[in-house]
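Asker: Got a predicted model here, sequence first, then my questions.
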Amino acid sequence: MAWTRFWLSLIVAVFIHGVYVLCDNEKGCKIGDYDFSPLDLSYPWMSVSLSNDTYWISICSAVNHDKCPTGSSVCRERSGSFISVGNYTSSPSMFENEDKEITVSFTGGVCPSNSSAHLRTDILFKCGKTLGSPNFLSQDNSCTEVFEWESLVACKKRPEKVVKEVPCYVYVKGKKRDLTPLIKLKGAYKLVTDSDGSPHFVTNICRAITEDPADQLGCPKGSASCGKIQKFLVDAGQPTTALRAIDERTLQLVYKSETSASSCVNTPQTVITFICPANGRVSHPPLVSQSGCLFEIDWITQYACEESEISVKNSLKLIREKDNIDFDLTPLSKENYIVDVTEKDGSKYKISLAIGHTIECFGSVDDDKYHPSVCQRKPNNKEFARALGNEQHSVLRYSDGHLTLTYKEGQPCSSNFKRKTIIEFHCNKSAVNSKPVYRYEEYCSYYLDWYTPYACIDHPLQEKCSVVDNGKLFDLSSLRYTSDNNWVALNGHEYNDDAEILLNVCHDIMPSGKAVKCPTDSAICLKKFDGTTKSLGRYQHEPVYNDVTKTLQLNYTDGDKCRSGKIFTVITFFCSPGISDNAPVVVTKSSDDCSYYLEWHTAAACVVTKKKGADCQVENKIAGKR
């Protein structure tokens, strides 16, 4: 089914939009001292403004679009009308400012709103780590369009041979979806295969794998993914076509190998389908399905969602009501923080989260220039000061279970890349007076951790019901009820003759039927036949896997009060292939009625595999189903 879906989407994408393909640019594309040829594709780059104007951009040649005026380098579509707002020239005007930012300008025809001026497009290029993408900034007097593009082409220092990469973003109904944060500059993602749960498949996103000496991956050079076929590690595809949208919540990336493998009928290839999760579900690790020399991956990630769904700019508050997510880091902005680093140069980092406030870093006019929120100083060198980002260019993001605050637009490094700081916040309810902890610096990006109660959600996201152990995925979410029903535990212990126990899995009790009077925040509830109820625990902790007993365990805590404190319940899940509708059994409880212990034999506790079949039949030997 997934293979059919891929071919249909490919046909549709080619017919409607064309396909991004990397070009071998033999003629070159230099503007001043900078080589822009990595941006030269067979199809233009795309950007959409807030007013929903669509722009098609090509730096190294005229735009290849049948509705754009011939010779356009920047073409604007507004209400079905296409005009050139910048004509192609092999030597466009270029200006480089003192921060080594490059502005490339293309001039078009006479401006309709001002006959004495011409239409013009200014593209401000900043050094980045990937190809990046053009972002619309503003329109000046209806005559000049301004874009910002953070891309490796604007860097002074880069490898002579650029790693093969394709555009990693799309627009769906005018909204941007960007997988660029998933690109690894070194190493790759090690994914679970459906054969034995071992990570014999590795991949990068939108970019060929650059070997990390620490990983020893051994992938063929130029591969974006590689996997084992008959015990041999082969190139499973190279990046040649850009990310495309299948529908409003699904994106797809295809890698094709340039060489065939002796054991393959067709050349190896990889199809990665990225799925924006409904209801903010935290993703479990991607699963790989292998059919001969075709590798298919379903990857659930919030990066496949609209950018506005997962991030907010220039704010310390991130609220997603539909996902029951509400972060407020404002209490951390009341003071400045000093982070000491026990490294050779003894750097100190001064950090302020306050909105509209900068810290003193240089003690000179440079503070007004960079407006630093993060500053690096060296006590043994009073002249040393570096601005590492400011709150005017900050982004607070919560995606795939990670809460990060990024400060950009710091001082440039020697490569022209502007320094930035990434702070990842971790939940720790007891870390009341905590401060950031320095982790490392890489490519002029500074990474810190911050453990704080302000990064806590009072329960795991309702959709999170999985655990990974040594590359093997276990997922209990199939046992969860999301409407009307609840599980009724069987009485394997004389816990109470005049009561029954109702429960849900990784979710609060559904307030219906017998459970209508159960406490609303309980995941397991004891209901007496006289109608009274009490909570036996709340869903506050994700499942855990015990590698010794080969069982899963789910702990429900913070129930109603009892003699020893508060009631808690422990549910132990046993893998039982082929059994899908067994109910849990109460096996024991404590004499003070403070703890309850249940066992549950079910196929849902077995390792998850992704299986393909034929003739409308699928066999899963682990689950015992066909």
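Answerer: Arrived safely. Residues are numbered from 1 along each chain as shown.

Asker: residue ranges with poor pLDDT in the stretch 301-450 of the chain?
Answerer: 342-345 (pLDDT under 70).

Asker: again, only this time at 80
Answerer: For the stretch 301-450 of the chain, applying pLDDT under 80 flags the ranges 321-324, 341-346, 363-365, 367, 379.

Asker: Same question for the stretch 451-600 of the chain.
Answerer: Judged by pLDDT under 80, the stretch 451-600 of the chain has its weakly predicted residues at 457-464, 470-471, 482-484, 492-498, 580.

Asker: need the strands for it, in chain order.
Answerer: Using DSSP state E, counting those that start in this stretch, the strands of the stretch 451-600 of the chain run over 466-469, 472-475, 487-488, 490-491, 499-503, 524-528, 533-539, 544-546, 551-557, 561-562, 565-566, 568-575, 585-589, 595-602.

Asker: The ones you listed: which one's closest to Asn64?
Answerer: Asn64 lies closest to strand 472-475 among the strands of the stretch 451-600 of the chain, at 42.7 Å (C-beta to C-beta). (C-beta placed from N, C-alpha, C; glycine too.)

Asker: Reformat the strands of the stretch 451-600 of the chain as a markdown table; add mean neighbour count and distance to Asn416.
Answerer: Converted to a markdown table, the strands of the stretch 451-600 of the chain look like this (neighbours: other C-beta atoms under 10 Å; distance: least, C-beta to C-beta, whole Å):
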| stretch | mean neighbour count | distance to Asn416 |
| --- | --- | --- |
| strand 466-469 | 17 | 39 |
| strand 472-475 | 20 | 42 |
| strand 487-488 | 18 | 59 |
| strand 490-491 | 15 | 67 |
| strand 499-503 | 22 | 58 |
| strand 524-528 | 23 | 58 |
| strand 533-539 | 24 | 49 |
| strand 544-546 | 15 | 47 |
| strand 551-557 | 20 | 50 |
| strand 561-562 | 14 | 62 |
| strand 565-566 | 14 | 57 |
| strand 568-575 | 21 | 54 |
| strand 585-589 | 17 | 65 |
| strand 595-602 | 22 | 57 |
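
Asker: Using CSV, please lay out those together with distance to Glu101.
Answerer: What follows is the strands of the stretch 451-600 of the chain, written out as CSV (distance: least, C-beta to C-beta, whole Å):
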stretch, distance to Glu101
strand 466-469, 42
strand 472-475, 44
strand 487-488, 60
strand 490-491, 68
strand 499-503, 59
strand 524-528, 58
strand 533-539, 49
strand 544-546, 49
strand 551-557, 53
strand 561-562, 62
strand 565-566, 58
strand 568-575, 56
strand 585-589, 66
strand 595-602, 58
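
Asker: quick one: which of these is nearest Ser333?
Answerer: For Ser333, the closest of those is strand 533-539, at 31.0 Å, according to C-beta to C-beta.

Asker: Select, out of the strands of the stretch 451-600 of the chain, the one closest to Cys518.
Answerer: Of all the strands of the stretch 451-600 of the chain, strand 524-528 sits nearest to Cys518, with 3.6 Å by C-beta to C-beta.

Asker: What pairs with that closest one, parallel or antiparallel?
Answerer: According to DSSP bridges, strand 524-528 forms sheet pairs with strand 499-503 (antiparallel), strand 533-539 (antiparallel).

Asker: do you know which of those strands lies nearest Phe232?
Answerer: Closest approach to Phe232 among the strands paired with strand 524-528 (C-beta to C-beta): strand 533-539, 45.1 Å.

Asker: that older thread, will you turn the strands paired with strand 524-528 into TSV that also has distance to Thr330?
Answerer: Listed next are the strands paired with strand 524-528 as TSV, based on distance: least, C-beta to C-beta, whole Å:
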stretch	distance to Thr330
strand 499-503	37
strand 533-539	27
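
Asker: of these, which approaches Glu442 most closely?
Answerer: Of these, nearest to Glu442 by C-beta to C-beta is strand 533-539, at 37.3 Å.
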